[in-house]
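In: Quick one: sequence and predicted model below, then my questions.
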Amino acid sequence: MELGGFSVSLAVKDLQASREFYQKLGFEVFHGEEDQNWLIMKNGDAVIGLFQEMFEKNILTFNPGWDTSADKLDSFADVRELQKEFKAKGLTLESEVDESTSGPGSITLIDPDGNPVLIDQHV
């Protein structure tokens with residue numbers, strides 16, 4: 001099962017301070033809107049999202065249809081297919097995507113330690 005590009009979405013208190021910290025670790029701003037309080041940063045294939053006042057917790061994020069550079073993949077498992085597979089395996093979903101739709105959509109699961117896992121399809 002391919003989940004797509006992976007990143008960690010960090011719930012940060014101060015976007016500017018976090019950006020400067022991660023830049024010192026070699027991350028560069030890749031995408032985002034600082035005036036909207038979010039940035040995506042990369043260091044090689046490592047991707048982190050900085051989100052100020054958007055989430056309560058850090059989130060493990062997978063993007064079906066994208067690679068780690070947010071380039072569209074030719075072939076991928078749609079989030080609705082993943083949702084069906086997760087349910088068939090007995091996983092509980094915190095949020096679901098409408099299976100009668102197509103295109104962008106997202107689902108959320110919580111791992112055994114309380115960590116949110118977001119499957120967020122943009123294509």
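Out: Nice, thanks for sending it over. Everything quoted here is computed from the prediction, not taken from an experiment.
In: what comes up buried for the strand or helix carrying residue 47?
Out: Following DSSP states H and E, one finds residue 47 within strand 46-52. Going by neighbour count (16 or more other Cβ atoms under 10 Å), the buried part of strand 46-52 is 47-52. C-beta coordinates here come from the backbone N, C-alpha and C atoms, glycine included.
In: Closest one to residue 35 out of those, please.
Out: Using Cβ to Cβ, residue 52 is the member of the buried residues of strand 46-52 that lies nearest residue 35, at 11.1 Å.
In: mind listing what the closest one touches?
Out: 12-15, 18, 37-38 (Cβ atoms under 8 Å, 6 or more residues apart in numbering).
In: The same query, at a cut-off of 7 Å, please.
Out: If a contact means Cβ atoms under 7 Å, 6 or more residues apart in numbering, then residue 52 has 12, 14-15, 37 as its contacts.
In: ditto for residue 61
Out: By Cβ under 7 Å, 6+ apart, the contact set of residue 61 is 7-9, 49, 118, 120.
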